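**Q** need a structure here:
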Amino acid sequence: MRILIVTPAVPGSRKGNRVTACRWRKLLQGSGHRVTIATTYTGQSCDVCVALHAKKSAASIQRFAESCPDQPLLVVLTGTDLYRDITTSHAAQRSLELADRLIVLQPEAKRAVPIAFQSKTCVIFQAVPKRRPLPTKLTSHFEVTVMGHLRPVKDPFRAALAARRLPADSKIRIVHCGQALTDSIRQRAEREMARNPRYQWQGELPRWQALQRLARSRVMVLSSILEGGANVVSEALACQVPILSSRIAGSIGLLGNDYPGFFECRDTARLTELLRRTEVDAAFYKSLKMACKNREWLIAPALERDTWKALLESFER
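**A** Modelled structure (predicted):
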């Protein structure tokens, strides 16, 4: 098949939508398909269109539906689509109507899809090959990573604020990898480093280097207010790094409702408590590791590949 992936993220961007588009291009090419990525649909010839973001790609979705009414149109729902835009944006709602299939990245996301469209919604877990060999952990510090661009929706400084409350004998250090998307948030990161010796902002790193930092850390913190299904959770599972996450649908769908490492959004005190427990309570740390190990099945490359295969074949019948 000739597959066109439309994503609003420009070439060279390390934003999640572009990373997902590039990863799917590689996966689908490996299955024998011809795959192109574009930021908009402008009449390109294809057998299937996969559009990421119901709202931001709404114009492309509308144009493809009008130009190619007999060709499959798949719309991938992001976190902002699911937990904000499809309830407030007419353009996003229209994208739901036009799509032949809606794709979400974890099963809890289906709850956010209007009932009328749930029957055409499918889940594709984002695969990450297990990392081998794993790098040696630091002994001088208890390194905790935060992975993600500095955006308000990510609540990016929650781990730094929690680390300020740790006792003096704690060896925890927060290492944050991600781009500051505005001058004001960059300045806040710099101020936080100046006043908080437990916080180090690395800026945007090449993906291999960011994954290396993640793999050598003891814990990852995901403090987002909303996520559709963060790929960084899959990456942490692949690196066997336990996760402390805000209790949001995007993480519940990946880690399970009974996962022991959840804290409520913006709950600094609870995150501080969990960080300290991971550092000093071996039994608790082991429980996090085991809970993550029990979720490794969902990042298997074969599962993602077979799900895509079945989805595309459904249009050939």
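**Q** domain ranges for this protein?
**A** In terms of domains, the chain is parsed into 2-127+300-313, 142-298 (source: automatic domain parsing).
**Q** how about the ones you listed in TSV, adding distance to residue 136, mean pLDDT and mean neighbour count?
**A** The C-beta positions use only the backbone N, C-alpha and C, and glycine is treated the same way. Below are the domains of the chain laid out as TSV (distance: least, CB to CB, whole Å; pLDDT from 0 to 100; neighbours: other CB atoms under 10 Å):
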stretch	distance to residue 136	mean pLDDT	mean neighbour count
domain 2-127+300-313	26	94	18
domain 142-298	7	96	19
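**Q** any chance of these in a markdown table, plus distance to residue 133?
**A** Putting the domains of the chain into a markdown table (distance: least, CB to CB, whole Å) gives the following:
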| stretch | distance to residue 133 |
| --- | --- |
| domain 2-127+300-313 | 19 |
| domain 142-298 | 9 |
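**Q** And the strand or helix carrying residue 146, how far out from the chain middle?
**A** Residue 146 belongs to strand 142-147 when assigned by DSSP states H and E. How far strand 142-147 lies from its chain's middle: 17 Å, per CA atoms, centre = their mean, to the nearest Å.
**Q** other SSEs contacting it?
**A** Here strand 142-147 touches helix 158-164, strand 172-177, helix 207-216, strand 219-222, helix 231-238, helix 268-280, going by 3 or more CB pairs under 8 Å, 6 or more residues apart in numbering; DSSP states H and E.
**Q** With residue 90 as the reference, name the closest of these.
**A** helix 231-238 (28.9 Å; CB to CB).
**Q** what residues does that closest one touch?
**A** The contact list for helix 231-238, computed with CB atoms under 8 Å, 6 or more residues apart in numbering, reads 16, 19-20, 125-131, 147-148, 211, 214, 220, 222, 242-243, 245, 251, 254-255, 292, 295-296, 298-299.
**Q** Mind checking which of those are in helices?
**A** When DSSP state H defines the helices, the subset of the contacts of helix 231-238 inside them is 16, 19, 20, 211, 214, 251, 254, 255, 292.
**Q** Switch the residues you listed over to TSV; also include distance to residue 272.
**A** Shown next, in TSV, are the ones in helices among the contacts of helix 231-238 (distance: CB to CB, whole Å):
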residue	distance to residue 272
16	27
19	30
20	32
211	27
214	21
251	19
254	24
255	20
292	21
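**Q** Stretch 157-168: how far from the chain's middle?
**A** Stretch 157-168 sits 24 Å away from the centroid of its parent chain (CA atoms, centre = their mean).
**Q** same thing with stretch 180-192?
**A** 22 Å.
**Q** Give me the contacts around that stretch.
**A** With CB under 8 Å, 6+ apart as the test, stretch 180-192 has contacts from 149, 150, 151, 156, 157, 160, 176, 199, 201, 203.
**Q** Wait, residue 80 touches residue 54, no?
**A** No: using CB atoms under 8 Å, residue 80 is not in contact with residue 54, being 9.2 Å away.
**Q** Am I right that residue 201 is in a strand?
**A** Yes: assigned with DSSP: H, G, I helix; E, B strand; the rest coil, residue 201 falls within a strand.
**Q** Which residue ranges of the stretch 51-200 of the chain form strands?
**A** Taking DSSP state E, counting those that start in this stretch as the test, the strands found in the stretch 51-200 of the chain are 73-76, 101-104, 121-123, 142-147, 172-177, 199-203.
**Q** List the neighbouring strands of the first one plus their orientation.
**A** As defined by DSSP bridges, the strand partners of strand 73-76 come to strand 48-52 (parallel), strand 101-104 (parallel).
**Q** Spatially nearest residue to residue 95, not counting backbone neighbours?
**A** Take residue 95 and drop its neighbours on the chain: the residue closest to it by CB to CB, 6 or more residues apart in numbering is residue 54, 3.9 Å away.
**Q** Contacts only, for the one you found.
**A** So residue 54 contacts 61, 75, 77, 78, 81, 85, 86, 89, 91, 92, 95, 96 (CB under 8 Å, 6+ apart).
**Q** Distance of the closest residue to the fourth one other than its chain neighbours relative to residue 148?
**A** Across the structure, with CB to CB, 6+ apart as the measure, the residue nearest residue 78 apart from its sequence neighbours is residue 228 (4.7 Å). Here the distance between residue 228 and residue 148 works out to 13 Å (CB to CB, to the nearest Å).
**Q** Same check on residue 301?
**A** 23 Å.
**Q** Just want the most central residue of this protein.
**A** With distances taken as CA atoms, centre = their mean, the residue of the chain nearest its centroid is residue 230 (1.8 Å).
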